[in-house]
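Visitor: make a model of this:
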Amino acid sequence: MPAARVLLLAVGYATALRLPSAGSTASARPTSTRREILPVVTSAAAALFAVRVSAYDTLPTVDPDFEKIERLRLEREAATKKKTQQVLSFVKAIEAARTKDEFITAADKFAIFIIGEGKFPEGLKVKELVKRITEAYESLPKERYYCEETRTNQGICYTPGKDAEAAYEALIKEVRQYSLIQLGDYRTVTFKAF
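Guide: Numbers count the residues shown, from 1 in each chain. The predicted structure follows:
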């Protein structure tokens, strides 16, 4: 507390010092105004009500429970393996489709599953998954139709059908949306998996 009193006196003396100004009389103006007293009062209040900052005497310690951590990791791996098997079963159904109607049904079921899950399981190779879906789409029976002539197609194009194209595009859109990887600590940075 002696240091607080010394500080209070030093601030009081510093604010009491005034440079003389020419042509002013001491009786015409009050000796202290509100603006001059305010710093003195606030510094005095700070000195009188100063308290010690509370802090830890020792840092808190947390004992790691390795058995619990390992059990949680194994549970997470089992859940991931189960979800991966579900995803691969949908992809196998898409690959087994021989007609456009089978492909549309399988692709729609997989897209609904992706939307319902909200994300892909950890460790799933999305690029390979998309490659398998694309190969299944390209292996569908195609219909011939006339299109704009280019140097490679001579005005004849092939498609499995507009509805199969729409199902494929919708599925790829959902896979792309839900396979984004969130990076960053305070910013949202997304990484496209394919």
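
Visitor: please name the nearest non-neighbouring residue to Gln86.
Guide: Among residues not flanking Gln86 along the chain, Phe113 sits closest, at 7.2 Å (CB to CB, 6 or more residues apart in numbering). C-beta coordinates here come from the backbone N, C-alpha and C atoms, glycine included.

Visitor: that neighbour reaches Phe90, doesn't it?
Guide: Yes - using CB atoms under 8 Å as the test, Phe113 is close enough to Phe90 to be in contact (6.0 Å).

Visitor: more neighbours: which of these two?
Guide: Phe90 (20 against 15; other CB atoms under 10 Å).

Visitor: how far away from the center of its chain is the longest helix seen in the chain?
Guide: The residue-count maximum for a helix in the chain (DSSP state H) belongs to helix 66-96. The chain centroid and the centroid of helix 66-96 are separated by 23 Å, computed with CA atoms, centre = their mean, to the nearest Å.

Visitor: show the average pLDDT along that helix.
Guide: Helix 66-96 comes out with an average pLDDT of 95.

Visitor: heads up, I number from 43, so please use that
Guide: Sure, I'll start numbering at 43, so the last one becomes helix 108-138.

Visitor: buried residues of that helix, list them for me.
Guide: By neighbour count on 16 or more other CB atoms under 10 Å, the buried set for helix 108-138 is 125-126, 129, 132-133, 135-136.

Visitor: which is the next helix or strand following it?
Guide: Using DSSP states H and E, the helix or strand that follows helix 108-138 towards the C-terminus is helix 142-159.

Visitor: by contact count, what packs against the next helix or strand after that next one?
Guide: Once helix 142-159 ends, the next helix or strand along the chain (criterion: DSSP H and E) is helix 168-180. The contact analysis (3 or more CB pairs under 8 Å, 6 or more residues apart in numbering; DSSP states H and E) places helix 168-180 against helix 108-138, helix 142-159, helix 204-220.

Visitor: quick one: closest of the ones you listed to Glu177.
Guide: helix 108-138 (7.7 Å; CB to CB).
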